[in-house]
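K.L.:
Provided below for reference: sequence and predicted model.
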Amino acid sequence: QPELLAHHYTEAGLLAQAISYWQKAGQRASQRSAYVEAVSHFTKGLELLSALPDSPERAQHELTLQITLGASLMAIKGYAAPEVGKAYARARELCQQVGETPQLFSVVGGLATFHIIRGQLRTARELVEQLLRLAQRLQNPTLLQAAHYGMGEVLFDLGELPRSRTHLEQAITLYDPQKRRFRALHDPGVACLSIAALTLEWLGYPDQALKRIRESFSLAQELSHPFSLSFALYCAASFYRFRREVKTTQEQAEELIALAHEQGFTLREASGVTL
């Protein structure tokens, strides 16, 4: 129970130990999709950090906390919430202080998502292009998968569907089911398959699109990860709405609303209502 240890260290005035355990408590909460609890723990850690003198160690601790806070805020307040932008913007400043760090990829990815959902697609595209350059330089398959997905998503929103499809298919190819990670919030395989389905539908390949949306939903159910499932449900409902399959759309939307309400996924619940 890291939150219990964090509380005792806080009361004892042992700030360094307390911050470490608030961070662990937040990460543990986010792993079980308890994002409201996670935000509370990460915020407590950041509050204690403000009492410590500036140092490289303090900057590194704050960087980790801001990244994890930003991801959890996305789940409960929505990707485009001002608090999300603030957390990732601060994390980017900290990356410049810390210097070369693998965490820069997560920071740039979080900012890209923030700007995509706010409709600031030019900024988002510049950030995703930076992601792709970083991943190509490091030649890391996991990072390449995320970068191709990000490029596919922003190109989809820009209406560049053939290029979006190319990047999404590359991301699907790079997805390793043996190395599943709920990157930031949702499983990357679920995300790629879902957006690929919508892209294929709009390009005029309904059979291929149906195959992808079923694969996405099946994977999300297999993972038993609530936020990944909420993503798959939203995309599936949108997909069936485009096909004018009213009954299936309603079923998916109702399931999404129930799940999102139970888990406190504010944006997902609102999205389900609008479907």
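P.N.:
Looks like it came in fine. Residues are numbered from 1 along each chain as shown.

K.L.:
neighbours around Ala270, how many?
P.N.:
Neighbour count of Ala270, defined by other C-beta atoms under 10 Å: 12. In short, each C-beta sits where N, CA and C put it, glycine included.

K.L.:
list the contacts for it?
P.N.:
Gly78 (C-beta atoms under 8 Å, 6 or more residues apart in numbering).

K.L.:
same question, Ser238
P.N.:
198, 275.

K.L.:
in the one helix or strand it maps to, what counts as buried?
P.N.:
Using DSSP states H and E, Ser238 falls within helix 226-242. Residues 226-241 are the ones in helix 226-242 that count as buried (16 or more other C-beta atoms under 10 Å).

K.L.:
next up, the contacts around Met151.
P.N.:
With C-beta under 8 Å, 6+ apart, Met151 has these contacts: 128-129, 131-132, 164, 167.

K.L.:
wait, doesn't Glu169 sit right on Ala196?
P.N.:
Yes: counting by C-beta atoms under 8 Å, Glu169 does reach Ala196; the two are 6.8 Å apart.

K.L.:
more neighbours, those two?
P.N.:
Neighbour tally, Glu169 and Ala196, criterion other C-beta under 10 Å: the higher count belongs to Ala196, 28 against 17.

K.L.:
the more buried one: what secondary structure?
P.N.:
helix (DSSP: H, G, I helix; E, B strand; the rest coil).

K.L.:
my guess is it meets Leu168, correct?
P.N.:
Yes: assessed by C-beta under 8 Å, Ala196 is found in contact with Leu168 at 4.2 Å.

K.L.:
shared neighbours, the two?
P.N.:
By C-beta under 8 Å, 6+ apart, the residues touching both Ala196 and Leu168 are Gly152.

K.L.:
now do the strands in the stretch 51-200 of the chain.
P.N.:
Using DSSP state E, counting those that start in this stretch, no strands are found in the stretch 51-200 of the chain.

K.L.:
okay, now the unreliable bits of it?
P.N.:
179-184 (pLDDT under 70).

K.L.:
so which of the contacts of Met151 wins on neighbours?
P.N.:
Going by other C-beta under 10 Å, Val128 tops the contacts of Met151 with 29 neighbours.

K.L.:
for the residue nearest to it when sequence neighbours are not counted, grab the count of nearby residues.
P.N.:
Counting by C-beta to C-beta, 6 or more residues apart in numbering, the nearest residue to Val128 once its immediate chain neighbours are dropped is Gly150, at 4.3 Å. The local packing of Gly150 (other C-beta under 10 Å) involves 27 other residues.

K.L.:
buried set for stretch 100-118?
P.N.:
Quick answer for stretch 100-118 (16+ other C-beta under 10 Å): 103-118.

K.L.:
top helix in this protein by residue count?
P.N.:
Longest helix in the chain, counting residues (DSSP state H): helix 56-77.

K.L.:
list the buried residues of that one.
P.N.:
Buried residues in helix 56-77 (16+ other C-beta under 10 Å): 58-59, 61-77.

K.L.:
and that helix with helix 226-242, angle?
P.N.:
With axes from the mean of the first three to the mean of the last three C-alpha atoms, to 10 degrees defining the directions, helix 56-77 sits at 40 degrees from helix 226-242.

K.L.:
elements contacting helix 56-77?
P.N.:
helix 15-31, helix 35-49, helix 82-98, helix 104-117, helix 266-274 (3 or more C-beta pairs under 8 Å, 6 or more residues apart in numbering; DSSP states H and E).

K.L.:
downstream of the helix holding Ser238, the next helix or strand is which one?
P.N.:
helix 246-263.

K.L.:
packing partners for that next one?
P.N.:
Using 3+ C-beta pairs under 8 Å, 6+ apart, helix 246-263 sits against helix 226-242, helix 266-274.

K.L.:
of these, which is nearest Val39?
P.N.:
helix 266-274 (12.1 Å; C-beta to C-beta).
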